[in-house]
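Asker: generate a structure from the sequence data that follows.
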Amino acid sequence: MDTAVLAQMELFSGLDQEEIGRVLACLNAHTRSYQRGEVICPMGQPTDYIGLVLKGTILVEYQDAWGKRSLLTPVGTGKTFSEVFAFIPDESLPVSVVAASNCRVLRMQAGKLTQVCRQACTCHNQLISNLLRIMSQRSIDLMRRVFHTSHRTIRARLMSYLSLEAIKAGSRTFTIPYNRQQLADYLGVDRSALSNELGKMRREGLLETTKNQFKLSENVEVPDE
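Answerer: Below is the predicted model:
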């Protein structure tokens, strides 16, 4: 396992390569590869490990009893997943984690992180601090999504999301991490309806878009609901 690469990732921030190697041994860490479309964590089953994407991209998604799928978030290289559920191993996952591309994942036992190992690794505290920061950011991201989807119309949801992305980028020209289907899933709307609305907004001069790059017009009136 390349600890030099891991040292560049948020989860291991503040740890040197020797400390990373030591903590990985404490957490019974191991890697596993998945093919595109393969289920990494099935919905309805518990998990006791924290996942870290070493290569590729995975999707966290929800599927209801009628088979309708909703994308919660894509997770790319260097990002963690399942950490929220790993510390409650008796709790079944309300979502599934699926490989969006061929990927490689590092799996670490969550229970080991909160136990003092024989070596009494001080790097555990740093890793816990990093993980808490990551989980806090995930909570903020979830709050943002709830805010976007609280709007009733597709246009209002789009404007809410695109406005925040422009603010985060510090520019009215920015790139989002979703393709059209993923954006529709994220906003909880039908893809065709989303595409139609984007077409109307382009014709009205509200924005320009090429694939996942957007440019918002300077003067845009936020729609009433």
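
Asker: residues touching residue 165, list them.
Answerer: 174, 176, 214 (Cβ atoms under 8 Å, 6 or more residues apart in numbering). The C-beta positions use only the backbone N, C-alpha and C, and glycine is treated the same way.

Asker: tell me, how many residues neighbour the last one?
Answerer: Residues near residue 214, counting by other Cβ atoms under 10 Å, number 21.

Asker: spell out which helix or strand contains residue 14, please.
Answerer: Using DSSP states H and E, residue 14 falls within no helix or strand.

Asker: for it, which non-adjacent residue is closest in space?
Answerer: Using Cβ to Cβ, 6 or more residues apart in numbering and skipping the chain neighbours, the partner closest in space to residue 14 is residue 126 (4.8 Å).

Asker: tell me which element the nearest residue to residue 39 once chain neighbours are set aside falls in.
Answerer: Computed as Cβ to Cβ, 6+ apart, the closest residue to residue 39 that is not its neighbour in sequence is residue 98, at 5.5 Å. With secondary structure defined by DSSP H and E, residue 98 is part of strand 96-99.

Asker: and that strand, C-alpha only, in PDB?
Answerer: As requested, the backbone C-alpha atoms of strand 96-99 are provided in PDB (Å, rounded to 0.1, in the frame of the first residue of the first chain):
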ATOM      1  CA  SER A  96     -26.300   1.400  -1.300                       C
ATOM      2  CA  VAL A  97     -22.800   2.100  -2.500                       C
ATOM      3  CA  VAL A  98     -22.100   1.200  -6.100                       C
ATOM      4  CA  ALA A  99     -18.900   1.400  -8.200                       C
END
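
Asker: that one pairs with which strands?
Answerer: Take DSSP bridges as the rule and strand 96-99 pairs in its sheet with strand 39-41 (antiparallel), strand 58-63 (antiparallel).

Asker: perfect, I'm done here.
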